[in-house]
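J.: Take a look and give me a structure for this.
(chains A and B)
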Amino acid sequence: MKGTTATVPYIDLPMGEDVILFPEDSEDHFPIDMSNQNLRQYSPFILEVVPPKINMADGSQHEQNKFLKSRNASLPFSSPLNQANTPLPRSRTGLSDFTPQLSSLAGSPINASSKSRSRSNLGNTIEAVSPAYTDTDNLIDYAIQYRALDTLPPIVFMINPSSFDVSYNAIQSYQDQTRYGFVFQRWGEELPTISISCSIGAFIAGYKGDKGPNGLTHTARKDSASFRHLMAIFSVYRNSAAIADRIGRSRAYQAVGRQAIHYDGQTWEGRIESMSYTLEESRQNGGISFDLSFTVYNHKFNDPMEAIFVERLKNLNSSEEVR
Amino acid sequence: MAKIIKPTFNSHLDEYNKALNKRPVYFDIIHPDGVTSLLGDLRLVCHVNPTQLSFSYQKKVSRSPTIGGWIETYWGDEPYTITLDMSTGGFIRVFSGLSNTTGPVNSLQQERTATVGMPSSSTYGIDLGGNRRETLAYDKYLDLLSLFHNNGSIYDSRGYVTLQGRIQMNFDGGQWYGWFQSFSVSETADSPFAFKLNMVFQVEREVHGVRTQGGDFR
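T.: Here you go, the predicted model:
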């Protein structure tokens, strides 16, 4: 299992106009990966993008209603105007599922039944789109971005983190003083946070030509597998699974998904809140460290941990067990 | 497994077995009445004792200057905490010894509908048929994490706290009642095959005996 050194699908993700990453390729340069594949095989560390649910707000409400209906439970906080048997007034199918949540400055609203009123040049795709929503260009760009996120390959860390700290904090108080002592109040827990410290490998790259960065050198930074890997992670952090308004160029995000970490039989869904890395003189040739801070929205143990007996490990070189 | 890889402590009763000469740190969940154990005879015994138990006490005093001098207002004691630094103990697995293998993971892509451009497999890593989660130390760590999440609360069906009990920490005859404030787990490259744990325990009250016989007053 190779670590992620590809950058193409990641740097193409929208990440605002403050950060511009662009392909700058040279056929003569090639990255060299010196990391140990076995370590990744035995303990893979994966960072994945989870695209926003289609119509996330309505969708999750629909799921909730479906669940409550299956239990014959009444809908919490339902309005008398919004009958429980039809929680979603609109039916959504096909491309019309891709609906921006926010309008933008781009173009005028479209009306599929009246093509003359639409300023979009994107032709017949408009027919596949519900006329109830904003302009076609936005809608199509939404679909393109969604598709990019949906098919984005997860990032396989080339080197596992050097530290992985999960922190849980209770929301409680034991500060209010009375004549007879302090009063304890408890409301639950904060969202867990994960602090991750990682290193990337050395800056090693090959060069096919006569003169150019070759081997372990600081000038091989851009070409090295390790720095490409870092840029892939940076792109995922910067994009943050958000669908941006690329047409209107506003900073209003139309939908925001999540990121997920898969490790140790567990999945943490949430968001990378911060990222930092330092290029320093003492590590000119690579091996630089970077830190991620991740807030957890959902934590799942995928391993049922139901094994009653501990089995022998498999021998990877044969079908027999290790003796 | 327990017969092959023995834990440090058999149970919380080790404390009372003079032949063993052991003092385990163990936890209990106390009913909202403040007295009754909710666990019956069961106790959560730490797989290994904390490396550090830090007690920090603080007085609650306010002082304000006046023209004639200082006024001290004495309110008693601030609520205090115990910080527990501990290790999970080594992840020692039968058939493989110390293990840091975490096993394969699945990405969430298999749950989505899009197929074009997806990797052919959503599984990453190799299944060796075992991992570090199949160890006593990892199991005990998860128990401790569960105890933190419970924190003596009694929840209703929607997950809201309805009644609040307490956690009781026991060590060497002493009892500390209170609640966990935070729990952090750290996996670092400089201490492989184990996690470092840090817990902050908010103390409501503590009860422990002190030897009184003998002594010298001079």
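J.: Tally up the residues packed near the closest residue to residue B:137 other than its chain neighbours, please.
T.: Once flanking residues are discounted, residue B:137 sits nearest to residue B:89: 4.0 Å by CB to CB, 6 or more residues apart in numbering or on different chains. From N, CA and C alone the C-beta is placed, and that goes for glycine too. Counted with other CB atoms under 10 Å in any protein chain shown, residues neighbouring residue B:89 total 21.
J.: quick one: buried residues of whichever strand or helix holds residue A:262?
T.: Here residue A:262 sits within strand A:258-263, counting by DSSP states H and E. Within strand A:258-263, the residues scored as buried using 16 or more other CB atoms under 10 Å in any protein chain shown are A:258-263.
J.: Which is the succeeding secondary structure element to that strand?
T.: Next along the chain after strand A:258-263, taking DSSP H and E as the criterion, comes strand A:266-277.
J.: hmm, that following strand touching chain B?
T.: Yes: Strand A:266-277 reaches chain B (CB under 8 Å from any CB of the partner chain) through residue A:267.
J.: got the CA coordinates for that strand in CSV?
T.: Only the C-alpha atoms of strand A:266-277 are listed here, as CSV (Å, rounded to 0.1, in the frame of the first residue of the first chain):
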residue,chain,number,x,y,z
GLN,A,266,-11.9,3.5,14.7
THR,A,267,-13.3,6.3,12.7
TRP,A,268,-13.3,9.9,13.9
GLU,A,269,-15.5,12.2,11.8
GLY,A,270,-15.0,15.9,12.3
ARG,A,271,-13.0,18.8,11.0
ILE,A,272,-9.3,19.7,11.0
GLU,A,273,-9.4,23.0,12.8
SER,A,274,-5.9,24.1,12.4
MET,A,275,-2.7,23.0,10.7
SER,A,276,0.8,24.2,11.0
TYR,A,277,4.2,23.3,9.6
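J.: If you count contacts, what does that strand end up packed against?
T.: Judged by 3 or more CB pairs under 8 Å, 6 or more residues apart in numbering or on different chains; DSSP states H and E, the packing partners of strand A:266-277 are strand A:193-199, helix A:225-239, strand A:258-263, strand A:289-301.
J.: Out of these, which gets nearest to chain B?
T.: Proximity to chain B (CB to the nearest CB) singles out strand A:258-263 among these, at 3.8 Å.
J.: Export the closest one to PDB, keeping only CA atoms.
T.: What follows is strand A:258-263, C-alpha atoms only, in PDB (Å, rounded to 0.1, in the frame of the first residue of the first chain):
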ATOM      1  CA  ARG A 258     -16.500  16.700   7.100                       C
ATOM      2  CA  GLN A 259     -13.200  15.000   7.300                       C
ATOM      3  CA  ALA A 260     -12.700  11.500   8.700                       C
ATOM      4  CA  ILE A 261      -9.700   9.800  10.200                       C
ATOM      5  CA  HIS A 262      -9.500   6.000  10.100                       C
ATOM      6  CA  TYR A 263      -7.100   4.400  12.500                       C
END
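J.: and it, does that touch chain B?
T.: Yes: residues of strand A:258-263 contacting chain B under CB under 8 Å from any CB: A:260, A:262-263.
J.: Walk me through the domains of chain A.
T.: For chain A, automatic domain parsing gives the domain ranges A:8-52+A:154-301, A:56-150.
J.: Pipe those domains into JSON lines and attach distance to residue B:213 and mean pLDDT per row.
T.: Formatted as JSON lines, the domains of chain A follow (distance: least, CB to CB, whole Å; pLDDT from 0 to 100):
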{"stretch": "domain A:8-52+A:154-301", "distance to residue B:213": "32", "mean pLDDT": "91"}
{"stretch": "domain A:56-150", "distance to residue B:213": "63", "mean pLDDT": "54"}
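J.: hang on, residue B:71 packs against residue B:63?
T.: Yes: the pair residue B:71 / residue B:63 is scored as a contact, 6.9 Å apart, by CB atoms under 8 Å.
J.: circling back: what about the domains of chain A, which gets the closest to residue B:153?
T.: When the domains of chain A are compared by CB to CB, domain A:8-52+A:154-301 sits nearest residue B:153, at 6.3 Å.
J.: Quick one: name the residues of the stretch 51-200 of chain A near chain B.
T.: Counting by CB under 8 Å from any CB, the stretch 51-200 of chain A sits next to chain B at A:51, A:147, A:150-151, A:153-154, A:156, A:161-170, A:172, A:174-175, A:177, A:182, A:184, A:186-189.
J.: got the contact list for stretch A:24-31?
T.: By CB atoms under 8 Å, 6 or more residues apart in numbering or on different chains, the surrounding residues in contact with stretch A:24-31 are A:5, A:204-209, A:212-213, A:222-225, A:228.
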